[in-house]
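**Q** Here is a sequence together with a model predicted from it:
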Amino acid sequence: MKFTRQGKIIFTTQDPVCAAQLLTLEKVVNTPVSTNVIWENITSRFLLYDIPTTVSLPDVAAELSKNNEIEIVEIRRFVKQNNTRESSPVLVTMLGTRLPGYMKIWFTNQRIQSFIDRPRQCTKCYSFMHPSRVCEKTPVCHSCGAIHSGICQVPQKCVNCQGDHSATSKGCPLYIKEHNIMELKCRNHLTTAGQTHLQSICEMLITLHALKHYTYQ
């Protein structure tokens, strides 16, 4: 059990009965509470390509569950508005932390791809450290990093790395670093706590590499 900065309590258990009992809690010390599951700790996400748009998502979920003996938590389709394509990728969230290389669907084995989420960035201060809903900072311009209103008329300057690009640029070194961490998190199925530990390791390795390079120069 541990407390979060948002005033929440996280319980970790390997006992399904205990988990079920926790989900039924309505009060703790006479205080009304609500409970939910942190799915990232017990689920995996993958992409299926070339799924006909004429096939409903419930049918896709039923087919996957029946042929692969898995339990689907969520399934959604990536389709843009006014799209005329006959097929589209489908994002599947399943219970379990181990993904096979293939999934059997409609009598064929289809290769699946692990889904790597993009880094989450605050839309107020553009930090990668927290979501917008908990940000207490004054909103800044994504282009120059300053506090102003109206159209930005000065050269771009990233508020994160001070480079000559906007804070939302995918070429930003900090964005690339966060993306690499997200990829390692996905490949090794790390939780948020594990991701923080991994980030510390990455920073330590980068520092050691820089010191080694400096020494030999």
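**A** Yep, it's here.
**Q** Nearest residue to the middle of the chain?
**A** With distances taken as C-alpha atoms, centre = their mean, residue 117 lies nearest the centre of the chain, 4.3 Å away.
**Q** A helix includes that one, no?
**A** No: per DSSP: H, G, I helix; E, B strand; the rest coil, residue 117 lies outside any helix segment and is coil.
**Q** And it, how far from residue 19?
**A** Separation of residue 117 from residue 19 (C-beta to C-beta, to the nearest Å) stands at 24 Å. In short, each C-beta sits where N, CA and C put it, glycine included.
**Q** quick revisit: quick one: the residue nearest to the centre of the chain from residue 138, how far?
**A** 28 Å.
**Q** likewise residue 47?
**A** Look at residue 47 and residue 138: by C-beta to C-beta, they are 38 Å apart.
**Q** Ok, residue 130 next?
**A** To residue 138, residue 130 is 15 Å away according to C-beta to C-beta.
**Q** okay, the two: which has more neighbours?
**A** Ranked by neighbour count (other C-beta atoms under 10 Å), residue 130 and residue 138 place residue 130 first, with 16 against 8.
**Q** where does that one land on pLDDT?
**A** Looking at residue 130, its pLDDT stands at 81.
**Q** Apart from its chain neighbours, what residue comes closest to it?
**A** Using C-beta to C-beta, 6 or more residues apart in numbering and skipping residues adjacent in sequence, the residue nearest residue 130 is residue 122, 5.8 Å away.
**Q** Fine by me, thanks again.
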